[in-house]
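K.L.:
attaching a predicted model along with its sequence, questions to come.
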Amino acid sequence: VSTQSTWGFQKTMSRALNAPFEKFQSARVKFVTTVADLASKPQHIEALHAADVMSLLRPLLLDNVPNIQESAAIALGRLANHSEDLASDIVANDILPHLVLSLSQQNRSYKKAAAYVLRSVAKHSEHLAQCVINAGALESLVSCLEEFDPEVKEVAALALGYIAKHNNPSLALQVADAGAVPLLILCVQEPNVPLKKVAATAIGEIAKHTEELAHRVADTEGAIKNLTLLIAHPDKHLKKQVCACLANIAKHNEELAVTVTEADIFPKVLYCLKDSDPQVRRNAANCIREIAKQSSELANIIVHYGGPGAIVDYLNHTTGVAKLPGIMTLGFIAGFDESLAMSVIVSEGIPPLCEALTAGNEDHVKAAASWSLGQLGRHSPQHAKPLCDKNVPSLLLGVFISQDSSEDLKNQAKRAVKSIIRVTQEIDSLIPLVNTAQPPIIKYVLEKCAMILEKNVKAKKKFAQSSALLTIQEIKATPGSKLKAAIEKINLLYPPDIVDHYKPEVVTSLLNKITQSRPLCLLIHF
């Protein structure tokens with residue numbers, strides 16, 4: 001009986017001792033889950049910040065209950081994700097070292113939560129990203145890429161991508177130096193689609209900064225091949241990121257663009273121009289542009305696979321700034337040589353460029369269209385004629401004289417008009433410009449007119465029969481200027497009496513005679 005009484009007493013005391021601890025644990029769980037829930041709602045963020053919730057969550061990261069640790073990390077991640085100031089508070093409260101230490105020691109759920117906090121801090125600025133690196137996070141995040149759980153890999157790759165994305169190349173270099181690139185390439189080959197997407201994004205963020213970093217990606221075994229295989233993947237989000245990644249690799253130099261091209265990117269990337277998702281189409285157009293600009297050989301490959309026609313179709317079904325990569329691609333292809341320029345013209349490349357120039361697009365889109373039209377027409381009279389038939393010089397001139405055009409747009413339009421005029425041999429194409437052009441364009445128009453009229457009698461007749469010969473007599477040119485010289489050169493090509501006939505004072509005199517004379521029929525009647 002004595003033994004049973006003692007045992008019962010100890011059991012009662014044990015319950016009495018455990019009760020406060022269980023109550024304390026329950027309170028911690030309730031507190032941290034409530035804070036995590038409140039932190040997911042933007043309207044509560046300021047109140048939590050004012051309550052100094054950071055200092056309360058910090059010790060809970062070291063709690064002996066895993067669920068409490070995880071919820072504390074989630075709450076901190078949501079707070080850091082909300083604003084740069086809150087992310088800075090996490091750094092100031094010396095929370096990052098605890099998270100980094102836990103990444104290599106805790107279970108997979110906590111690793112995901114800790115990596116989420118690191119990502120939420122690093123995304124805001126270069127300084128905060130460097131703070132994450134200084135806390136020793138890179139080694140732990142890279143080691144997470146070797147975890148079995150794809151979700152742990154995904155959140156670690158996402159954090160590495162946010163560190164590398166900033167404009168400071170040294171951040172991306174530190175990520176690459178930590179050994180992230182080969183493991184990210186392995187992640188791309190995983191069956192898990194979200195992991196593929198995040199890994200491709202991180203690779204692109206690393207490669208975009210410098211040639212050296214792009215080469216480190218391209219030189220990794222299987223990198224480009226495995227990325228290009230995903231262009232045909234049915235998931236639109238994955239295709240979007242893969243196209244962006246390959247564009248970031250190819251953009252640096254011809255060698256890298258050749259590496260991407262040799263991985264059989266064509267014609268698969270051209271098919272993406274007809275994808276149902278607009279961002280996939282735009283990223284594919286960006287990728288094609290980055291390849292096309294590098295060399296005539298690469299431009300020829302694009303033409304061989306029907307690239308100009310695909311780009312024209314893309315432009316015909318795209319609006320606004322999304323047209324820009326397609327417009328630039330046509331310009332890059334056309335700029336290399338006469339044959340490539342003619343392939344763009346034959347593919348009906350002029351109409352969509354004219355539409356981009358005249359529709360209500362932003363000035364930088366119009367400037368790109370002006371540049372591309374100039375690249376199309378600058379090679380020879382055979383190239384300039386189709387543009388003149390579409391009234392392109394007049395359209396460019398209208399953009400140039402518009403008060404609403406930016407300086408860059410005016411400069412691009414001016415260069416394009418000059419390049420087309422320089423090779424034009426059709427007087428019919430220049431006469432409309434004579435009647436509408438303003439300085440300094442009119443000078444180039446008249447100089448070209450003089451060259452054509454000198455050798456072509458029929459052109460002289462057309463010029464005189466139109467109002468062009470009259471128009472140039474009305475131009476007030478400075479004596480000794482190139483414009484004055486061009487006018488005098490044209491006048492010397494005609495008999496003096498014809499030129500005098502078109503001079504403003506002679507025309508005025510003839511009109512006065514008409515108004516002062518009485519009709520002959522009236523004289524006979526009376």
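P.N.:
In hand now; what should we look at? Being a predicted model, the structure only gives us computed values, none of them experimental.
K.L.:
from here on, just use CA atoms for contacts and neighbour counts.
P.N.:
Fine.
K.L.:
Three-state assignment for R289, please.
P.N.:
Judged by DSSP: H, G, I helix; E, B strand; the rest coil, the three-state class of R289 is helix.
K.L.:
around the nearest residue to D277 once chain neighbours are set aside, count how many other residues there are.
P.N.:
Nearest in space to D277, with sequence neighbours left out and distances taken as CA to CA, 6 or more residues apart in numbering, is K236 at 6.8 Å. By other CA atoms under 10 Å, 20 other residues sit near K236.
K.L.:
how close does K236 sit to P325?
P.N.:
Going from K236 to P325 by CA to CA, to the nearest Å gives 19 Å.
K.L.:
same check on E407?
P.N.:
21 Å.
K.L.:
these two: which has the busier surroundings?
P.N.:
Taking other CA under 10 Å, E407 and P325 do not tie; P325 has more neighbours (23 against 13).
K.L.:
in the host helix or strand of the more buried one, what's buried?
P.N.:
In this structure, P325 is located in helix 324-336 according to DSSP states H and E. Residues of helix 324-336 classed as buried by neighbour count (16 or more other CA atoms under 10 Å): 324-336.
K.L.:
and that helix, C-alpha only, in CSV?
P.N.:
C-alpha atoms of helix 324-336 as CSV (Å, rounded to 0.1, in the frame of the first residue of the first chain):
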residue,chain,number,x,y,z
LEU,A,324,10.3,45.1,-79.9
PRO,A,325,12.3,41.9,-80.1
GLY,A,326,10.7,40.9,-83.4
ILE,A,327,11.3,44.3,-84.9
MET,A,328,15.0,44.2,-83.8
THR,A,329,15.4,40.7,-85.2
LEU,A,330,14.3,41.7,-88.7
GLY,A,331,16.7,44.7,-88.5
PHE,A,332,19.7,42.6,-87.4
ILE,A,333,19.0,40.0,-90.1
ALA,A,334,18.6,42.6,-92.8
GLY,A,335,21.6,44.6,-91.8
PHE,A,336,24.3,42.0,-92.6
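K.L.:
helices or strands next to that helix in the packing?
P.N.:
Helix 324-336 sits against helix 278-292, helix 296-304, helix 307-316, helix 338-346, helix 363-377, with contacts defined as 3 or more CA pairs under 8 Å, 6 or more residues apart in numbering; DSSP states H and E.
K.L.:
tell me what the second one is packed against?
P.N.:
So the one you mean is helix 296-304. So helix 296-304, by 3+ CA pairs under 8 Å, 6+ apart, packs with helix 278-292, helix 324-336, helix 338-346.
K.L.:
just the angle between the second one and helix 278-292, please?
P.N.:
The one in question is helix 324-336. Angle, helix 324-336 to helix 278-292, by axes from the mean of the first three to the mean of the last three CA atoms, to 10 degrees: 20 degrees.
K.L.:
how about the helices in the stretch 351-500 of the chain?
P.N.:
363-377, 381-389, 392-401, 407-423, 427-436, 441-455, 457-465, 468-474, 482-492, 496-502 (DSSP state H, counting those that start in this stretch).
K.L.:
sorry, slip of the keys, the one I care about is the stretch 51-200 of the chain.
P.N.:
Going by DSSP H, counting those that start in this stretch, the stretch 51-200 of the chain shows helices at 53-57, 66-82, 84-92, 96-103, 108-122, 126-134, 137-144, 150-164, 169-177, 180-188, 193-207.
K.L.:
okay, the residue nearest to H252 when sequence neighbours are not counted and L270: tell me how far apart.
P.N.:
Closest residue to H252 apart from its sequence neighbours, by CA to CA, 6+ apart: E211 at 5.6 Å. Taking CA to CA as the measure, E211 and L270 are separated by 25 Å.
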